[in-house]
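Peer 1: what follows is a predicted protein model with its sequence.
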Amino acid sequence: MSIKPEEISSVLQKEITKYETSLKMEMVGTVLQVGDGIARVYGLEKVMYSELVEFIPQTGRAGEKQDSVFGMALNLEEDNVGCVVLGDDTVIKEGDQVKGTGRITQVPVGPSMVGRVVDALGRPLDGKGPIVTDDFYPVEGRSPNVIQRQPVKEPLQTGWKSVDSMIPIGRGQRELIIGDRQTGKTALVIDAILNQKGQDVICIYVAIGQKASTIASII
């Protein structure tokens, strides 16, 4: 089998015509210290407040390649940036790279979020597949002022007769539940959520600092 030089040159010319050069600028910083869910980063001079940043761990606990961990830039100081880690901070070490995404931290919103269990970035944790939506809302946003809000005019029943008979609670009302440990605060909230079935009320349970076993039992 003989190879003709004309065929080789034509193939090379086609590849050369298809070749494209594209330059991409990235803002990269370095982790100075990390602990308690907070990371101090050097080098992100142009990062925005509430911008989503990506931590790139070098290796995991067992030496394997670790997936990226995301965070949110909050403290914009002169020589470093304080970021809250929205994930496992134990895989991040001093000297790891941090990239700015150029996007303000936002979460998906809409009917597709109803009935789902998600993390702080709106990523599903319930194994029911991805959340399909085109609507997103920034995590740090302004709340409507008092004039823009609807008046509290519809009652909201918790399902506990002792509470509903003594304490008038309305939809849209802020209510603080105070009590010692193991006094039934979470049980009251969960029962109130279950009691809204079929009442056209959307309930959101936010678990901060809870054990994974407690969250699993609530789910």
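Peer 2: Cool, the structure landed.
Peer 1: I figured residue 69 hits residue 88, correct?
Peer 2: Yes: if you go by Cβ atoms under 8 Å, residue 69 and residue 88 touch, sitting 6.3 Å apart. Using the backbone N, CA and C atoms, a C-beta is placed for each residue, glycine as well.
Peer 1: okay, those two: which has more neighbours?
Peer 2: residue 69 (21 against 15; other Cβ atoms under 10 Å).
Peer 1: contacting residues around residue 205?
Peer 2: For residue 205, the contact set (Cβ atoms under 8 Å, 6 or more residues apart in numbering) comprises 189-190, 193, 218.
Peer 1: sort out for me which of those residues are in strands.
Peer 2: With strands identified by DSSP state E, none of the entries of those belong to them.
Peer 1: among these, which ones are buried?
Peer 2: 190, 193 (16 or more other Cβ atoms under 10 Å).
Peer 1: neighbours of residue 19, how many?
Peer 2: Residue 19: 7 surrounding residues under other Cβ under 10 Å.
Peer 1: ok, residue 136 next?
Peer 2: When neighbours are counted by other Cβ under 10 Å, residue 136 registers 14.
Peer 1: now do the same contact list for it.
Peer 2: 106-109.
Peer 1: reformat those as a markdown table; add distance to residue 209.
Peer 2: A markdown table is the format used below for those (distance: Cβ to Cβ, whole Å):
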| residue | distance to residue 209 |
| --- | --- |
| 106 | 23 |
| 107 | 19 |
| 108 | 24 |
| 109 | 24 |
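Peer 1: type out the ChimeraX command that picks the buried ones from the residues you listed.
Peer 2: A single ChimeraX command is used to select the members of the contacts of residue 136 judged buried by 16+ other Cβ under 10 Å:
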select :106,107,108
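Peer 1: if we only consider the contacts of residue 136, which is nearest to residue 24?
Peer 2: Minimum separation from residue 24 among these (Cβ to Cβ) is found for residue 106, which lies at 22.1 Å.
Peer 1: narrow the contacts of residue 136 to those in strands?
Peer 2: 106-108.
Peer 1: now, which of those sits nearest residue 185?
Peer 2: residue 107 (25.9 Å).
Peer 1: where's the residue nearest to that closest one when sequence neighbours are not counted relative to residue 133, distance?
Peer 2: Excluding the flanking residues, the one nearest residue 107 by Cβ to Cβ, 6 or more residues apart in numbering is residue 122, at 3.6 Å. Computed as Cβ to Cβ, to the nearest Å, the residue 122 to residue 133 distance reads 9 Å.
Peer 1: what is in contact with these two at once?
Peer 2: Jointly contacting residue 122 and residue 133 under the rule Cβ under 8 Å, 6+ apart are 108, 113.
Peer 1: did I read that right, residue 186 in a helix?
Peer 2: Yes: assigned with DSSP: H, G, I helix; E, B strand; the rest coil, residue 186 falls within a helix.
Peer 1: mind listing what it touches?
Peer 2: Per Cβ under 8 Å, 6+ apart, neighbours of residue 186: residue 218.
Peer 1: if I look at it, how far off is residue 19?
Peer 2: In this view, residue 186 and residue 19 are 61 Å apart by Cβ to Cβ.
Peer 1: and residue 162, by the same measure?
Peer 2: 75 Å.
Peer 1: beyond the helix or strand that contains residue 40, next helix or strand please.
Peer 2: According to DSSP states H and E, residue 40 maps onto strand 38-42. Downstream of strand 38-42, the first helix or strand assigned by DSSP H and E is strand 51-56.
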